[in-house]
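> give me a model of this one.
(one chain, ligands or ions: 2)
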Amino acid sequence: MLNFEFFNPTRIVFGQGTIARLDTLVASDARVLILLGGESARKNGTLAEVRAALGTREVYQFDGIEPNPSYETLMKAVSLVREKKLDFLLAVGGGSVIDGTKFVAAAIDYDGEPWDILETRGDTVTSALPFGSVLTLSATGSEMNDGSVVTRRATQAKLAFTSPHVFPRFSILDPTKTYTLPIRQIANGVVDSFTHVMEQYLTYPADGLVQDRFAEGLLQTLIEIGPKLLEKADDYELRANFMWVATLALNGLIGAGVPQDWSTHIIGHELTARYNIDHARTLAVVLPANLQVRRTAKHGKLLQYAQRVWGITQGSEDERIDAAIDRTRVFFESMGIQTRLPDYGIDASEIGILVGQLRAHGMVELGERKDVTPEVGQRILEASL
Ligand code: NZQ
Ligand code: ZN
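Ligands and ions are numbered 1, 2, ... in the order given. Next up, the predicted model:
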């Protein structure tokens with residue numbers, strides 16, 4: 001096992017009816033900014049519940065954080081917080097709203113141009129405004145981690161930062177708030193959280209025995225409940241299990257002490273930045289191709305994945321690996337998500353541009369062994385056609 005430090009200070013408040021707990025979680029004299037996406041939290045009553053729970057506190061509201069939140073929009077929230085001298089942020093929404101809130105929190109007192117937070121991957125963040133979240137979409141794990149992904153529209157750069165200062169103080173996870181999610185977002189959430197586990201699990205064997213068993217349990221749970229989630233919107237147990245799986249998939253626990261990949265995500269971010277494809281859909285395209293291209297380096301873990309996650313025990317080692325990659329692709333497609341670049345209108349002529357974007361963003365040594373160079377990235381994208 002590799003050396004590690006594990007730190008996660010986020011309080012999770014889980015279950016139906018828990019939004020009322022805001023009254024005790026947020027200081028009674030806090031000057032609060034609620035940050036929202038589009039209309040969903042207003043339409044499904046979450047916003048009204050949040051406002052009721054905050055009672056007589058001084059509350060302002062910032063609407064319009066878009067999916068794949070933009071630096072341009074978030075800087076408007078930064079101005080509002082500064083102008084009104086607000087001291088607590090409350091994200092109400094999915095990963096985009098929470099990620100956006102993390103950026104705003106870190107930008108408020110940032111010494112310099114806040115985009116540098118992304119350019120330095122968060123290393124230059126020394127403080128952040130405290131914030132909490134009310135989660136309405138299971139997918140990213142942002143509700144219990146210190147990561148955030150922000151897009152600068154002007155330059156088509158989608159970059160991530162992490163900082164221990166941007167863990168949410170608390171996150172409220174009420175599964176009933178996800179009942180109104182469109183099927184498309186449920187499918188996205190299953191594929192995103194599945195890929196989060198794979199980025200931390202499918203590398204090379206590192207004797208992280210319990211990390212592997214946790215990861216395999218999360219993958220198998222997603223395989224078990226994924227198709228059922230598409231069938232019924234208001235099944236509390238299914239939604240509750242999905243919500244907790246997605247949180248555990250990226251709260252640091254399964255990644256502690258083991259190598260991590262993340263090249264699928266970083267290549268996927270280029271696809272979103274350039275074509276505005278949903279985050280999870282980019283992962284569904286890149287992951288199967290990535291596993292195929294790097295099957296030699298990932299040989300040991302691919303065999304373990306085949307056997308323990310998919311129960312594949314017959315055939316030669318190569319056949320078992322082929323079958324496991326194939327089952328992964330079929331699983332994504334069974335969730336209604338297509339897994340090839342041409343399904344999204346992208347052909348071979350675009351690959352050179354995408355590889356150029358990877359280079360321009362300094363993404364030249366990716367993966368658990370830092371051997372995913374732009375040339376390997378090109379092969380992965382070619383294998384996605
Ligand atoms: O904007 P509104 O109207 O709220 O609608 C949203 C949005 O259109 C809608 N939605 C959310 N909750 C709903 C709902 N619709 C109906 N009922 C509800 N209860 O869903 C749409 C997508 O929301 P978004 O927040 O964009 O989705 P998601 O949670 O998948 O977040 C994606 C973003 O997270 C980043 C991605 O790159 C992407 O920018 N990620 C963040 C990570 C992290 N912080 O650790 C890790 C991930 O790998 C990911 O990269
Ligand atoms: Zn993701």
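> distance of residue 86 relative to ligand 1?
Distance from residue 86 to ligand 1, counting by Cβ to the nearest ligand atom, to the nearest Å: 21 Å. (Glycine included, C-beta is placed from N, CA and C.)
> and the strands in the protein?
Per DSSP state E, the chain carries strands over the ranges 11-14, 31-36, 58-62, 88-93, 131-135, 147-152, 157-162, 170-173.
> can I get those in CSV with mean neighbour count?
Converted to CSV, the strands of the chain look like this (neighbours: other Cβ atoms under 10 Å):
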stretch, mean neighbour count
strand 11-14, 16
strand 31-36, 23
strand 58-62, 17
strand 88-93, 27
strand 131-135, 27
strand 147-152, 24
strand 157-162, 21
strand 170-173, 24
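> for stretch 328-343, list every residue counted as buried.
Buried residues in stretch 328-343, counted by 16 or more other Cβ atoms under 10 Å: 328, 329, 331, 332, 335, 337, 339, 340, 341.
> for those, which one is nearest residue 16?
residue 335 (25.5 Å; Cβ to Cβ).
> that closest one touches residue 192, doesn't it?
No: if you go by Cβ atoms under 8 Å, residue 335 and residue 192 don't touch, sitting 10.8 Å apart.
> enumerate the residues of the stretch 51-200 of the chain near ligand 1.
Contacts of the stretch 51-200 of the chain with ligand 1, taken as Cβ under 6 Å from any ligand atom, map to 67-68, 93-97, 99, 136-137, 139-142, 145, 147-149, 177-178, 180-181, 185, 188, 192.
> again, only this time at 8 Å
Contact residues, the stretch 51-200 of the chain versus ligand 1 (Cβ under 8 Å from any ligand atom): 65-69, 93-99, 102, 136-142, 145, 147-151, 158, 160, 177-182, 185, 188-189, 192, 195-196.
> returning to that earlier point: which of the buried residues of stretch 328-343 lies closest to ligand 1?
Lowest distance from ligand 1 to the buried residues of stretch 328-343 (Cβ to the nearest ligand atom) belongs to residue 337, with 12.6 Å.
> what's the closest non-adjacent residue to the closest one?
Leaving aside its chain neighbours, residue 337 sits nearest to residue 284 (4.6 Å; criterion: Cβ to Cβ, 6 or more residues apart in numbering).
> picking up where we left off before, tell me the buried residues within the residues of the stretch 51-200 of the chain next to ligand 1.
Using 16+ other Cβ under 10 Å as the burial test, these include 65-69, 93-99, 102, 136-142, 145, 147-151, 158, 160, 177-178, 180-181, 185, 188-189, 192, 195-196 as buried.
> run a quick neighbour tally on the closest residue to residue 214 other than its chain neighbours.
Counting by Cβ to Cβ, 6+ apart, residue 214 lies nearest to residue 254, which is 4.9 Å off, once chain neighbours are set aside. Residue 254 has 26 neighbouring residues, counting by other Cβ atoms under 10 Å.
> for residue 254, what are its contacts?
Applying Cβ atoms under 8 Å, 6 or more residues apart in numbering to residue 254 gives the contacts 197, 200, 201, 211, 214, 215, 218, 248.
> again, only using 7 Å
197, 200, 201, 211, 214, 215 (Cβ atoms under 7 Å, 6 or more residues apart in numbering).
> same deal with residue 79?
Residues near residue 79 by Cβ under 7 Å, 6+ apart: none.
> let me know the pLDDT of the residue of the stretch 201-350 of the chain found nearest ligand 1.
Using Cβ to the nearest ligand atom, residue 279 is the residue of the stretch 201-350 of the chain that sits closest to ligand 1, at 4.0 Å. Per-residue pLDDT puts residue 279 at 97.
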